[in-house]
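[1] Here is my input; please provide its structure:
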Amino acid sequence: MELLNALEWRYASKKMNGQQVPEEKVERILEAIRLAPSSMGLQPYTVLVITDPEVKKQILPIAHNQQQIVDSSHLLVFAAWDKITPEHVDDYVNLTASTRNITVESLEEFKKILVSISQRPQQENHEWAARQSYIAFATAIAAAAEERVDATPMEGFNNAALDKLLGLEERGLKSITLLPLGYRDAENDWLAKFPKVRRQKENLFIIN
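    Predicted coordinates:
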């Protein structure tokens with residue numbers, strides 16, 4: 001299975017070489033993110049694709065000087081919606097109707113479910129949106145591995161500082177994770193020479 005080979009190949013690169021990832025590979029990774037599952041299909045998150053070296057330099061100290069930020073080809077910022085708004089619901093219902101060539105009226109019951117979700121406490125909805133973004137985040141990691149593009153998952157950064165730098169609050173977003181895309185510098189990456197460490201399946205799975 002090609003996916004298993006790709007996952008065996010990948011690791012969280014600690015040193016990237018600055019080589020640019022071809023745009024067609026990046027586009028396929030982004031398309032995989034777009035096609036990733038999410039609850040109700042709502043996709044309550046946005047992914048920023050950062051290529052500007054100066055912006056990456058500004059992010060570097062915010063991400064505790066992890067060099068993959070500036071050595072990456074593309075830096076993906078996964079940002080969850082701060083809240084679910086009536087506009088979000090209307091936009092999604094209209095998109096569903098147009099995509100499936102059905103009437104908005106036929107989606108009334110579906111819309112009621114979405115409205116009930118939007119009426120939950122804001123923090124609860126943001127946490128739910130963040131969990132949905134992780135599904136897309138994991139999909140991106142797997143897609144990058146399929147493309148033989150290195151991707152280093154990151155949670156270690158100052159979320160509030162990054163949100164301010166990128167103006168995310170004004171967009172109704174809060175940063176959740178970072179994913180630098182690039183190519184490993186195997187000679188200078190201390191982790192590259194080590195085998196992958198994973199629990200054995202008999203210790204990981206409970207099969208009833």
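[2] Contact partners for Glu108?
    For Glu108, the contact set (Cβ atoms under 8 Å, 6 or more residues apart in numbering) is empty. Every residue, glycine included, has its C-beta placed from N, CA and C.
[3] Need the phi and psi values for it.
    When quoted as degrees, to the nearest 10, the phi and psi of Glu108 stand at phi -60, psi -40.
[4] Next: Tyr45.
    Dihedral angles of Tyr45 (phi, psi; degrees, to the nearest 10) stand at phi -160, psi 170.
[5] How about it: what's its closest non-neighbour residue?
    Spatially, and ignoring its direct neighbours in sequence, Tyr45 is nearest to Ser133 (3.9 Å; Cβ to Cβ, 6 or more residues apart in numbering).
[6] I'd like the next helix or strand past the helix or strand containing Val70.
    For Val70, the host element (DSSP states H and E) is helix 68-71. Using DSSP H and E, the helix or strand that directly follows helix 68-71 along the chain is strand 74-81.
[7] Return the distance of the helix holding Val70 from the chain's centre.
    Helix 68-71 sits 17 Å away from the centroid of its parent chain (Cα atoms, centre = their mean, to the nearest Å).
[8] ok, back up a step: so what's the residue count around the residue nearest to Tyr45?
    Other residues near Ser133 come to 26 when the count uses other Cβ atoms under 10 Å.
[9] Can you point out the buried residues in the host helix or strand of it?
    Assigned by DSSP H and E, Ser133 belongs to helix 122-146. Buried residues in helix 122-146, counted by 16 or more other Cβ atoms under 10 Å: 125-126, 128-130, 132-137, 139-146.
[10] May I have the phi/psi pair for Ile50?
    phi -110, psi 120.
[11] What separation is there between it and Ala6?
    Ile50 sits 24 Å away from Ala6 when distances are taken as Cβ to Cβ, to the nearest Å.
[12] Phe78 now?
    From Phe78 to Ala6 the distance is 21 Å (Cβ to Cβ).
[13] ok, these two, which is more surrounded?
    Phe78 (22 against 16).
[14] Now do stretch 9-29: everything it contacts.
    Residues outside stretch 9-29 that contact it (Cβ under 8 Å, 6+ apart): 49, 67-68, 71-74, 140-141, 143-145, 147-153, 180-185, 188-192, 196.
[15] what are the ranges of the helices in the chain?
    2-9, 23-35, 53-62, 68-71, 86-100, 108-118, 122-146, 159-166, 201-204 (DSSP state H).
[16] tell me, which strand in the protein spans the most residues?
    Scanning the chain for the longest strand, with DSSP state E as the assignment, gives strand 173-182.
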